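>>> sequence and predicted structure, then a few things I'm wondering about:
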Amino acid sequence: MEGDFLKFFRNKKIIEKITKRIWEEAKNIENIKIMHVCGTHEWTITHFGIRSLLPNNIKVIAGPGCPVCVTPASEIDAMANLSLEKNVIITTFGDVFRVPGLKTSLMEAKAMGGEIRIVYSISESIEIAKKVNKEVVHFSIGFETTAPTTALEILKNPPENFSTFVTHKLIPPAMEFLLKQGCKIDGFICPGHVSTIIGVKPYRKLAEIYKKPMVIAGFEPLDIMIGILNLIIQIKEGEYSVYNEYSRAVKEEGNIEALKIMEEVFECNNSWWRGIGLIENSGLKLKKEFENFDASKKFNINSIKEENFMPKDCRCGDVLKGEIMPEECPLFGKSCNPIHPIGPCMVSIEGACSIVYKHLIKIL
Ligand code: SF4
């Protein structure tokens with residue numbers, strides 16, 4: 001069954017037809033810049049060479065769709081400090097481990113004696129807490145896709161020695177921020193996974209206010225190509241609706257249960273996005289009634305002061321805002337590569353630089 005599904009969404013003949021339509025529709029129109037906001041979309045686009053199928057006037061760029069990339073360096077430092085100075089066990093996802101902080105990465109903190117453990121889920125972290133006599137802090141990063149899991153585990157009342165440093169972020173406010181800043185974006189491919197949670201409604205508001213067409217797309221090549229075609233047609237016709245191409249997974253109202261749990265546990269706050277800036281109401285924090293599990297309260301982690309730190313000459317901020325392609329960073333593939341990453345976009349598997357680099361190496 002899965003094989004049939006993949007055959008359909010990767011069917012060469014259908015993709016050739018859509019490609020032809022894209023070329024026809026793109027004739028005689030000005031340059032169009034389409035932004036996607038999802039690391040998995042970047043992977044599909046790069047892995048299947050979708051950019052090479054498009055006419056020169058249609059550009060698809062990556063946006064701030066990698067949660068690890070946009071996590072402030074100072075928050076990484078805060079976790080490293082906890083492990084080194086307060087003898088706390090920090091649990092986190094593998095992707096965050098090597099991202100440079102202001103002073104140190106978590107990997108370096110571990111080398112200095114900090115107890116940092118890589119986990120696959122917050123529930124694994126809670127299991128660790130049940131077995132040890134030390135404080136355990138889970139570094140909860142991620143967008144609307146992972147936030148419901150954090151909320152669910154908090155509602156299950158974890159042990160007293162467990163808390164979480166929540167830095168969950170919300171995608172629609174980041175999209176709005178880029179539009180408000182005047183970034184040249186003609187249309188969005190909205191993130192598929194995030195959309196399964198939030199549904200279609202939040203994008204409708206943005207499309208209407210900023211007059212930008214949007215497509216919620218799945219992760220197969222055909223999904224992306226249909227999405228691009230739809231956006232080109234909308235842009236040509238001067239329309240700005242939200243087309244749900246991924247209706248096999250995304251419902252108009254989203255995942256009502258997940259949204260309810262998130263609302264019960266979190267409230268919105270202003271949040272720093274590394275390389276981008278402070279975005280109003282784009283973050284989540286635990287509500288007061290759950291502050292026993294809030295590591296920022298438990299360990300008095302003060303508000304993050306230095307936010308936009310990027311290593312010298314690193315252009316991750318511009319990559320995340322869709323201003324340049326990863327290859328346009330002067331460090332790309334030279335001093336910055338996945339073995340020796342300089343910026344966060346080369347560390348995370350969802351980072352645009354890392355994805356493009358790995359595929360370029362295959363081509364070479
Ligand atoms: S190539 Fe490296 S330094 Fe340049 S933008 Fe990407 S991650 Fe940052």
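That came through fine. Predicted model only: the values in this text are computed from it and were never measured.

>>> what is the burial count for residue 255?
Here the count is done by other CB atoms under 10 Å, and residue 255 has 18 residues near it. (C-beta placed from N, C-alpha, C; glycine too.)

>>> now stretch 179-197, how far from the centre of its chain.
For stretch 179-197, the separation from the chain centroid amounts to 11 Å (computed by CA atoms, centre = their mean, to the nearest Å).

>>> what sits against residue 117?
By CB atoms under 8 Å, 6 or more residues apart in numbering, residue 117 lies in contact with 89-92, 125, 128.

>>> mind doing that once more with 7 Å?
Listed by CB atoms under 7 Å, 6 or more residues apart in numbering, the contact set of residue 117 reads 89, 91, 128.

>>> may I have the phi/psi pair for whichever residue of the stretch 101-250 of the chain sits closest to the ligand?
Nearest residue of the stretch 101-250 of the chain to the ligand, counting by CB to the nearest ligand atom: residue 105, 13.7 Å away. The phi and psi values for residue 105, taken as degrees, to the nearest 10, are phi -90, psi 170.

>>> what about stretch 88-97, how long is it end to end?
Start and end residues of stretch 88-97 are separated by 16 Å (CA to CA, to the nearest Å).

>>> and stretch 162-170, by the same measure?
Stretch 162-170 has an end-to-end distance of 24 Å (CA to CA).

>>> kindly report the same for stretch 133-142.
One end of stretch 133-142 sits 28 Å from the other (CA to CA).

>>> contacts for it?
For stretch 133-142, contacts defined as CB under 7 Å, 6+ apart pick out 67-68, 71, 79, 82, 87-92, 96, 122, 125, 128-129, 150, 161-168, 295.

>>> in the chain, what spans have low per-residue confidence?
1-3, 303-308, 361-364 (pLDDT under 70).

>>> got the residues of it near the ligand?
Those residues of the chain that sit near the ligand, judged by CB under 6 Å from any ligand atom, are 314-316, 319, 326, 329, 331-332, 336, 342-343, 345-346, 353.

>>> so who does the residue in the chain that the ligand sits nearest to touch?
Nearest residue of the chain to the ligand (CB to the nearest ligand atom) works out as residue 343 at 2.5 Å. For residue 343, the contact set (CB under 7 Å, 6+ apart) comprises 310-311, 314, 316, 336, 353.

>>> burial measure for residue 96, as a count.
Based on other CB under 10 Å, the number of other residues close to residue 96 is 25.

>>> restricted to helices, list the contacts of stretch 133-142.
Of those, the ones assigned to helices by DSSP state H are 79, 82, 122, 125, 128-129, 150, 295.

>>> right, and the residue of the stretch 101-250 of the chain closest to the ligand touches residue 92 too?
No. In this structure, residue 105 is not within contact of residue 92 by CB atoms under 7 Å, at 11.0 Å.

>>> which residues do the two both contact?
In terms of CB under 7 Å, 6+ apart, residue 105 and residue 92 are not both contacted by any residue.

>>> thinking again about what came up before, measure the residue of the chain closest to the ligand to residue 59 for me?
Per CB to CB, to the nearest Å, residue 343 is found 22 Å from residue 59.

>>> most neighbours among the contacts of residue 343, please name it.
residue 353 leads the contacts of residue 343 on contacts (other CB under 10 Å) with 33 neighbours.

>>> quick one: it and residue 333 touch, right?
No. Contact status for residue 353 versus residue 333: not in contact, 9.1 Å apart, counting by CB under 7 Å.

>>> the residue nearest to residue 30 when sequence neighbours are not counted: neighbouring residues, count only.
Closest residue to residue 30 apart from its sequence neighbours, by CB to CB, 6 or more residues apart in numbering: residue 57 at 6.9 Å. Counted with other CB under 10 Å, the neighbours of residue 57 add up to 14.

>>> report the contact partners of residue 57.
The contact partners of residue 57, taken as CB under 7 Å, 6+ apart, are 26, 29-32.

>>> quick one, phi/psi of it?
phi -80, psi 0.

>>> the helix or strand hosting residue 259 - contacts with which helices or strands?
Using DSSP states H and E, residue 259 falls within helix 256-265. Counting contacts by 3 or more CB pairs under 7 Å, 6 or more residues apart in numbering; DSSP states H and E, helix 256-265 packs against helix 147-155.
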